[in-house]
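Asks: Please work out how this folds:
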Amino acid sequence: MHTGMSVIFQNTHKLLSDREVYVNDVALAELAEPLGFDSVWTVEHHFTDYTMSPDPCQFLSYMAGRTRTVKLGSMVIVLPWHDPMRIAEQISVLDHLSGGRMILGLGRGAGRVEFDAFRQDMGDSRQRFVESAECVLAGLEQGYCEYQGEFVQQPHADIRPAPFKTFKGRTYAAAVSPESIAIMAQLGVGLLVVPQKPWDQVEQEVALYNETYAQLHGEAPPAPIIAGWTLCHPNRDAAYALAKKWIGGYWQTVLDHYRFHENHLKDQKGYEFYGQFASKIQRGGIEAATDYFMNLQVWGTPEMCYQTIVKNAERIGAEAFIGLFSYAGMPAAEAQRNLRAFAQDVMPRLQARAVTGKIPWAA
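Replies: The predicted structure follows:
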């Protein structure tokens, strides 16, 4: 089973300078290859302490030069915020610099603070995402971008350096709302599952995605990737206390950034699912929502972490797990302890698990 790690550059409560956060998380990422991880990932967010990673391709290009074998994944590039032609160029450059090691993850975004600062209407985001994705994905296969849509109008222009390796089978997208599940199947991309809703629901949606994908493309889709906030400790009670503090603390940063517990997305076109999410949080309370989120993630002793990942992966046929080990203001020493504990006592068992080969890029 492919096993990676991600850094997100959170500066929760501004306990450190932004520079110190970057030094610490880059150091964590540089441990990935020596410790035996299969991939390094990062996210995209702008303007706040939530995560300070505005350009995934830039960070991953740095990591391409600092590593030799690990895959390099974007989790995700938020297409509505960018010119798709420029994104296609950045992706191609990163793939050249890394020798074809990129795993492309795409998404449409849900943070109003980011859409507002980019002067965009969130109501347009789904169509912008679809048009941009079609433009970028076709461009990476044919070597040029050309597209005429409502939001994307791109005259014929070559991607230079020209893409040298197909991105089919190594492109994924985050899909939270049910509508997005169908769109990802139509686009022919795999699913990146970031746990935030009941696994029973995720299982049903992945089954629908698999069926839709097979009908449209005549073949099975790539196996899903699961990401998860991870807290590994040899003592169960200590693991619980640490998970409550740090994974629970991360959930509060989610609420601060996205304001999922408020009603601002209830009537927002394209984000109706998030409005339902807000209603559930309001009924149950923040504390209950925090516990709920924590129990969707990976925490506990090494055995508990292993069993949680395997159980969730088997439910949806996932063949890759990407762990996040530093978040919510966690001290650098604790983040390294967490990463090393997982790498030593959990990761070897995951990597030894048999897989079907539905993610050929992981070989």
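
Asks: all helices for the stretch 101-250 of the chain, in order.
Replies: Remark: helices assigned in the stretch 101-250 of the chain by DSSP state H, counting those that start in this stretch are 112-117, 125-142, 178-187, 199-217, 236-258.

Asks: With distance to Cys305 and mean pLDDT as extra columns, can I get these in JSON lines?
Replies: No exception for glycine: its C-beta is placed from N, CA and C like everyone else's. As requested, those are exported to JSON lines (distance: least, CB to CB, whole Å; pLDDT from 0 to 100):
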{"stretch": "helix 112-117", "distance to Cys305": "32", "mean pLDDT": "96"}
{"stretch": "helix 125-142", "distance to Cys305": "33", "mean pLDDT": "97"}
{"stretch": "helix 178-187", "distance to Cys305": "27", "mean pLDDT": "88"}
{"stretch": "helix 199-217", "distance to Cys305": "16", "mean pLDDT": "94"}
{"stretch": "helix 236-258", "distance to Cys305": "9", "mean pLDDT": "93"}
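
Asks: These: which one's closest to Gly99?
Replies: Judged by CB to CB, the one of the helices of the stretch 101-250 of the chain that comes nearest to Gly99 is helix 125-142, at 16.2 Å.

Asks: Which positions within stretch 161-177 qualify as buried?
Replies: Buried residues in stretch 161-177, counted by 16 or more other CB atoms under 10 Å: 163, 167, 170-177.

Asks: could you list every residue that touches Val193?
Replies: 174, 202, 206, 224-227, 316, 318 (CB atoms under 8 Å, 6 or more residues apart in numbering).

Asks: try it again with 6 Å
Replies: Shown in contact with Val193 (CB atoms under 6 Å, 6 or more residues apart in numbering): 224, 226.

Asks: Need the residues that contact stretch 63-82.
Replies: Residues contacting stretch 63-82 (CB under 6 Å, 6+ apart): 6, 30, 32-33, 39-41, 43-44, 56, 60, 97-98, 101-103, 105-109, 118, 125, 128-129, 132-133, 174.

Asks: my bad, stretch 220-233
Replies: Contacts of stretch 220-233 (CB under 6 Å, 6+ apart): 169, 172, 190-195, 213, 239, 242-243, 247, 250, 297-299, 302, 305, 312, 316-325, 338, 341-342, 358-359.

Asks: can you tell me which of those are in strands?
Replies: 172, 190-193, 298-299, 320-324 (DSSP state E).

Asks: before we move on, the earlier item: nearest to Gln351, of the buried residues of stretch 161-177?
Replies: Distances from Gln351 to the buried residues of stretch 161-177, taken by CB to CB, are shortest for Arg170, at 18.7 Å.
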